[in-house]
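J.: give me coordinates for this.
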Amino acid sequence: MNKIKKILIFGLVIIFIVLFIRHQMVDDLYMMKRNTGGNSPLISNSQTKINLDTNIRLYLISDLIGNLHYFLFDGRKLVSTSIICNLKNIESNTVYRDVYWAYFEDPGVNSIFTGVIINKNIDKILVKDLKEEDISYIEYRGYKLFYSSNEIESILIKGLSPTNEIVYKNYN
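T.: Predicted coordinates for the structure are as follows:
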């Protein structure tokens with residue numbers, strides 16, 4: 001009898017964990033949809049979730065008109081959201097820059113620096129106030145995205161080629 005009780009309790013614990021994780025993801029998506037201003041629906045299957053810390057999550061997600069959004073959550077709270085760029089405009093060569101980025105900072109609490117590298121000659125970026133290892137990269141819909149949760153004083157970016165030549169700077 002004890003063995004059956006243990007199996008039932010273990011099974012219930014697993015079910016509660018799965019439901020909790022699913023509920024959190026549904027909650028996050030609901031909050032993201034609610035906070036886009038209703039301009040264009042988000043494409044649910046375009047979302048990428050990045051766990052920055054135990055409670056801090058970064059989501060990258062596109063909407064129907066091509067905007068690439070970021071959403072930063074701390075626990076159940078949506079801390080920051082912004083549009084990084086419009087990927088459809090980039091793909092149609094309507095608008096072009098080498099690097100698009102967004103930054104949010106709540107000093108001492110949360111910060112996020114995230115963006116997308118458009119210029120295919122740029123392999124990685126360097127930022128004045130960050131160490132190279134503070135910047136992480138992921139692939140998203142054929143683009144190289146970067147992010148860092150470190151605070152930055154001034155956003156001075158250099159784009160480096162695979163041979164470490166400077167091929168882009170956002171300052172003189």
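
J.: any buried residues in stretch 107-120, and which?
T.: Using 16 or more other CB atoms under 10 Å as the test for burial, stretch 107-120 gives Asn110, Ser111, Ile112, Phe113, Thr114, Gly115, Val116, Ile117, Ile118. Bear in mind the C-beta positions are built from the backbone N, C-alpha and C, glycine included.

J.: any idea how far Val13 is from the fifth one?
T.: For Thr114, the distance to Val13 equals 36 Å [CB to CB, to the nearest Å].

J.: kindly report the same for the first one.
T.: As for Asn110, its distance to Val13 is 31 Å (criterion: CB to CB).

J.: low-confidence ranges, the protein, go.
T.: Where the chain drops to pLDDT under 70, the residues are 1, 12, 15-26, 32-39, 94-95.

J.: for it, which segments count as strands?
T.: For the chain, the strands defined by DSSP state E occupy 48-51, 56-62, 67-74, 77-86, 99-106, 110-117, 124-127, 136-140, 143-148, 157-160, 166-169.

J.: switch these over to JSON lines; also include distance to Lys3.
T.: Converted to JSON lines, these look like this (distance: least, CB to CB, whole Å):
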{"stretch": "strand 48-51", "distance to Lys3": "36"}
{"stretch": "strand 56-62", "distance to Lys3": "38"}
{"stretch": "strand 67-74", "distance to Lys3": "41"}
{"stretch": "strand 77-86", "distance to Lys3": "43"}
{"stretch": "strand 99-106", "distance to Lys3": "51"}
{"stretch": "strand 110-117", "distance to Lys3": "47"}
{"stretch": "strand 124-127", "distance to Lys3": "55"}
{"stretch": "strand 136-140", "distance to Lys3": "45"}
{"stretch": "strand 143-148", "distance to Lys3": "47"}
{"stretch": "strand 157-160", "distance to Lys3": "60"}
{"stretch": "strand 166-169", "distance to Lys3": "64"}
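
J.: mind checking these for the one nearest to Leu42?
T.: Nearest to Leu42, of all the strands of the chain, is strand 56-62, at 5.3 Å by CB to CB.

J.: packing partners of the closest one?
T.: Helices and strands touching strand 56-62, by 3 or more CB pairs under 8 Å, 6 or more residues apart in numbering; DSSP states H and E, are helix 2-34, strand 48-51, strand 67-74, strand 110-117.

J.: quick one: distance of it to the chain centre.
T.: Counting by CA atoms, centre = their mean, to the nearest Å, strand 56-62 is centred 4 Å from the centre of its parent chain.

J.: same deal with stretch 44-51?
T.: Per CA atoms, centre = their mean, the centroid offset for stretch 44-51 relative to its chain is 8 Å.
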